[in-house]
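Chemist: okay, predicted coordinates and the sequence, questions at the end:
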Amino acid sequence: MFVFSNLLAAIASLLNVIFTVMYWLLLIRALVSWVNPDPYNPVVQFLYKTTEPILYPIRKMLPIKMGIGIDISPIIAFLILIFLRSFLVKTLLDISFRLR
């Protein structure tokens, strides 16, 4: 059982790193969007390509006319990432420790 326990701990650690990187990429994209970046800049293109798969489904679920003209999809994505990091990663770690 210790092999499965170690596998779950490794998956939890990997997910924690992925969620942290995605959190920072979303934060950087939100900050960059305030300054009207050059869309042909490779860094901006990288940010858009890595964060758009997360933000697009959230935008599809939100009503089109919010009335305020602000894209709140990054805020919702932050909340989802924080929840996943708090719930999923900790749950996997707890399960792995109980299997030892």
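Modeler: Yes, it's here. Numbers count the residues shown, from 1 in each chain.
Chemist: so which residues of the chain form helices?
Modeler: Here the chain has its helices, by DSSP state H, at 2-33, 42-61, 73-84, 90-98.
Chemist: neighbouring contacts of the second one?
Modeler: Counting contacts by CB atoms under 8 Å, 6 or more residues apart in numbering, the residues outside helix 42-61 that touch it are 22, 25-26, 28-29, 32, 37-39, 71, 73-74, 76-77, 80. C-beta: built from backbone N, CA, C; applies to glycine.
Chemist: and for residue 96, the neighbour number?
Modeler: Applying other CB atoms under 10 Å, we find 20 residues neighbouring residue 96.
Chemist: isn't it right next to residue 8, touching?
Modeler: Yes: look at residue 96 against residue 8 with CB atoms under 8 Å: they come within range, at 3.8 Å.
Chemist: just to revisit the earlier point, rebuild the helices of the chain as a markdown table, extending it with mean pLDDT.
Modeler: Shown next, in a markdown table, are the helices of the chain (pLDDT from 0 to 100):
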| stretch | mean pLDDT |
| --- | --- |
| helix 2-33 | 94 |
| helix 42-61 | 92 |
| helix 73-84 | 94 |
| helix 90-98 | 94 |
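Chemist: filter the contacts of helix 42-61 down to the buried ones.
Modeler: 22, 26, 29, 73-74, 76-77 (16 or more other CB atoms under 10 Å).
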